[in-house]
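>>> okay, sequence plus prediction incoming.
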Amino acid sequence: MTSFKRIFASLIVGTSVLGFMSMGAAAGPILTPDSFTVSSPDAANPTLPENNILDQSGLSASYVPGVTDFDSFVATTTASYTGQAELGGAGAPLSYFEFDFGGMTDIDAIAIWNQSGTASLDSFTIETSLLADFSVSEIFGTFTMSVFGGGYPAIAADVFSFSSNNFRYLRINNLTNAGYLSATRINEVAFRGAGNVMLPEPATMALFGFGLIGLGLARSRRTRK
């Protein structure tokens, strides 16, 4: 092996080791469904746009699906609304919100920004399936919202984790709300992808780049001799 090849091989090995040593935390990106429906309309406001639950209109910040880190985004983002146009609603309990991801996906957490008021979601289950009719499905335990509020405050998200599994369709089965008889409404939802990717720290990539530049300069000097 020539001196140049030995240097290059050492550089690759060294930067690879550095890369593994300085990997950042596992990043679970926000995943967005292709479509959203409800089992029955909001009886008090049947024209309430369902897709408001996915359009980020009530959030204090925006995200890029498949890119933005779920945990970081949810920890600092609140939701508020200035009218019904920023909410999505379904019929009173028992009803469900259903999300179609367009293909097999894997999710292990959901963030729900609630509405503030008696139509707020209270208790629910998460149900997933590969089949549109949910004839074969998996139901995760009963969850309870902790964030409600009053008036039009900035509301933090409730985050619920569950075992990841492969599915296409997901339902939030609405068991109870905060007391409103005609409808259950939520502001926004976001989902965390379970296919975590280890992201290298920027410093590691910089070291690798500088190393390659230095190697190129060294080879150039040897060539001129």
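Everything's here; your move. Worth saying up front: this structure is predicted, and the values here are computed from it rather than measured.
>>> rest of the way, CA atoms for contacts and neighbours
Will do.
>>> which helix or strand contains the spatially closest residue to Q115 that is not a sequence neighbour?
In space, and not counting its chain neighbours, Q115 is closest to I186: 4.8 Å by Cα to Cα, 6 or more residues apart in numbering. I186 belongs to strand 183-193 when elements are defined using DSSP states H and E.
>>> for that strand, packing partners?
strand 30-31, helix 70-76, strand 88-91, strand 95-114, strand 121-129 (3 or more Cα pairs under 8 Å, 6 or more residues apart in numbering; DSSP states H and E).
>>> please repeat the previous calculation with a cut-off of 6 Å.
Under the contact definition 3 or more Cα pairs under 6 Å, 6 or more residues apart in numbering; DSSP states H and E, strand 183-193 sits against strand 30-31, strand 88-91, strand 95-114.
>>> ranking the ones you listed by burial, who's on top?
strand 88-91 (a mean of 28; mean count of other Cα atoms under 10 Å).
>>> what residues does that one touch?
38, 40-42, 50, 52-53, 183-186 (Cα atoms under 6 Å, 6 or more residues apart in numbering).
>>> of the residues you listed, closest to F99?
V38 (8.8 Å; Cα to Cα).
>>> okay, the closest residue in space to the closest one that isn't next to it in sequence and I112: tell me how far apart.
In this structure, V38 finds its nearest non-sequential neighbour in F97, 4.7 Å apart by Cα to Cα, 6+ apart. According to Cα to Cα, to the nearest Å, F97 and I112 sit 12 Å apart.
>>> which phi and psi does I53 have?
When read as degrees, to the nearest 10, the backbone of I53 gives phi -70, psi -20.
>>> so who does it touch?
By Cα under 6 Å, 6+ apart, the contact list for I53 reads 88, 187-188.
>>> for the residue nearest to it when sequence neighbours are not counted, give me the pLDDT.
Once flanking residues are discounted, I53 sits nearest to E188: 4.3 Å by Cα to Cα, 6+ apart. Here the pLDDT value assigned to E188 is 92.
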